[in-house]
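1. I'll drop the sequence and a predicted model, then ask my questions.
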Amino acid sequence: ALRHHTGWERAWSSPEPKKKYDVIIIGAGGHGLATAYYLGKNFGITNVAVLEKGWLGGGNTGRNTTIIRSNYLQDPSAAIYEKSRSLYETLSQDLNYNIMYSPRGVIMLAQTEHEVRGYQRTAHANALQGVTTEFISPARVKEIVPIINLDGPRYPVLGGLWQARGGTARHDAVAWGYARACSDMGMHILQKCEVTGITRGGAKVTGVSTNRGDIACDKLGVVVAGHSGHLADMAGFRLPIESVALQALVSEPIKPCMDCVVMANTVHGYMSQSDKGEMVIGGGTDGYNNFTQRGSFHHIEETVRALIETFPMVSRLKMLRQWGGIVDVTGDRSPILGKTPVDGMFINCGWGTGGFKAIPGSGWGFAELIAKGHSPLTDAFGLDRFHQGRFIDESVAAGVAH
Ligand code: FAD
Ligand code: PYC
């Protein structure tokens, strides 16, 4: 049937590297590609290369469970995550690429009195921040998720934080859509191009060394998630980041049974149903730092065991496959977007277990930071907050056990 489908145009070109670009972005994950896209779209900066050591979207962007929400507690977080969520709403039209945004709603279950108070507080904060969320009763939870067991053997469901316009999107499509749009603007996306060194002239960045030769630039954006520590090391400074594996798994496909996303953070597990019918399930991070894109074996059993309390039907599902990604975690569970000790070099990292939802907003703000030297979206997230003790504590909103 595919016999006649020949001569398709490539979605993005594969050029040879130029000697010099105005801006180089290291890392063709969602955040790196979105940064390049908004540099071109919002600031007319198109002499840009995005360098990727593997294939684009092959890092955490292509490995995550695609939950999109903006129900964070602190004002700077609500601003960037809500900007991001609102950009997701129209991203398919903007990129002319179907990213399959599905605002199916996200519930974070409250299963202890502590969580009830915590999520009620978040709902109040969100109301002040212009983020639409509400704290809902157990009966309303059951209405939205008929397959749920409210009584749970250990932790009954006492309510939930509901964001009706949260949801999911197709992760690969987000990367592919941005990549095609960047390529259409004349930017170079260089895959299999690993950065091995950062070159400086005095205090200022001058370019990078790669396995495809040295490339010069005026400005450098580093957006490499779990490898951020390595890149900082190449430039001669340290980051307050730990890299750790986070994993997910999917079941065999079944008939539609749950049309929203549910996160059960006390027992620790979360679940949604993919368009193919698989139950998409995720658990917590490994308990030790590592660089395996796999995750510890025991997490699989612990996550499924926890979910069975709230979703007994899971006990009858066969699991199909499991994978992991290397997430970059900061002490306050908030990202770092800012200048570095090297002039002209900017860093965007620390999205940890929750950066897929942030891709458009982060790209928007980081592009502004690179182009203009600061952005209202990113100002609070600079490295200086760790010296000043100005933490943006989002350990509860992160929703994933670390
Ligand atoms: P990446 O997509 O990892 O991109 C970084 C890129 O840099 C990689 O492609 C890598 O190859 C490249 N790179 C590294 N070193 C070099 C080098 N030296 N030279 C050139 N290139 C280099 N977030 C959510 O919001 N919702 C979720 O439901 C969710 N679920 C998750 C589930 C799992 C299992 C995992 C692992 C993560 C999850 N996340 C989730 C987090 C989310 O995936 C990440 O925060 C986000 O994808 C980070 O995007 P990124 O572009 O920064 O990183
Ligand atoms: O950030 O919502 C999130 C998330 C869910 C699972 C992993 N990250």
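-> Now that the structure is in, tell me what you want to look at. Just so you know, these numbers come straight off a predicted model, no measurement behind them. Ligands and ions are numbered 1, 2, ... in the order given.
2. where's Ser209, which helix or strand?
-> strand 204-210 (DSSP states H and E).
3. and the residue nearest to Lys19 when sequence neighbours are not counted, how far is that from Lys192?
-> Spatial nearest neighbour of Lys19, chain neighbours left out: Ala216 (6.3 Å); criterion: C-beta to C-beta, 6 or more residues apart in numbering. No exception for glycine: its C-beta is placed from N, CA and C like everyone else's. Computed as C-beta to C-beta, to the nearest Å, the Ala216 to Lys192 distance reads 20 Å.
4. Pretty sure Val50 sits against Ala36.
-> Yes. Counting by C-beta atoms under 8 Å, Ala36 is a contact partner of Val50 at 5.1 Å.
5. Would you state the helices of the stretch 201-350 of the chain in chain order?
-> For the stretch 201-350 of the chain, helices defined by DSSP state H, counting those that start in this stretch occupy the ranges 228-235, 298-310.
6. so what does the shortest one touch, helix or strand wise?
-> When you say that, I think you mean helix 228-235. Applying 3 or more C-beta pairs under 8 Å, 6 or more residues apart in numbering; DSSP states H and E, we find helix 228-235 packed against strand 195-201, strand 213-222, strand 345-349.
7. TSV for these, including mean neighbour count?
-> TSV is the format used below for the helices and strands packed on helix 228-235 (neighbours: other C-beta atoms under 10 Å):
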stretch	mean neighbour count
strand 195-201	16
strand 213-222	20
strand 345-349	27
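8. Which one of those lies nearest to ligand 2?
-> strand 345-349 (15.7 Å; C-beta to the nearest ligand atom).
9. Now Ser14: closest residue in space, sequence neighbours ignored.
-> Gln191 (7.1 Å).
10. What of Gln247?
-> Using C-beta to C-beta, 6+ apart and skipping residues adjacent in sequence, the residue nearest Gln247 is Gly295, 3.0 Å away.
11. and what of Phe291?
-> Ile326 (5.5 Å).
12. just Asp94 next, same as before
-> Distances taken as C-beta to C-beta, 6+ apart place Leu87 nearest to Asp94, at 7.6 Å, with adjacent residues excluded.
13. Surely the one you found is within a helix?
-> Yes. The assignment for Leu87 (DSSP: H, G, I helix; E, B strand; the rest coil) places it in a helix.
14. residue ranges with poor pLDDT in the stretch 301-402 of the chain?
-> Within the stretch 301-402 of the chain, the stretches with pLDDT under 70 are 402.
15. With the chain instead?
-> Of all residues in the chain, those with pLDDT under 70 make up the ranges 1, 402.
16. at 90 instead, please
-> Residue ranges of the chain with pLDDT under 90: 1-9, 152-154, 265-268, 283-284, 286-287, 292-299, 306, 395-402.
17. Pull out the buried residues from the top helix by length along the chain.
-> In the chain, with assignment by DSSP state H, the single longest helix is helix 113-129. Within helix 113-129, the residues that qualify as buried are 115-116, 118-119, 122-123, 125-126, 129, counting by 16 or more other C-beta atoms under 10 Å.
18. Can you lay out those as TSV showing distance to ligand 1?
-> Shown next, in TSV, are those (distance: C-beta to the nearest ligand atom, whole Å):
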residue	distance to ligand 1
Glu115	19
Val116	23
Gly118	19
Tyr119	18
Thr122	17
Ala123	20
Ala125	19
Asn126	17
Gln129	18
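19. what's the closest of these to Pro312?
-> Distance to Pro312 across the buried residues of helix 113-129 (C-beta to C-beta) is lowest for Glu115, with 21.2 Å.
20. where does the stretch 51-200 of the chain come near ligand 2, residue by residue?
-> Taking C-beta under 6 Å from any ligand atom as the contact definition, the stretch 51-200 of the chain meets ligand 2 at 65, 67, 69.
21. Much appreciated, bye for now.
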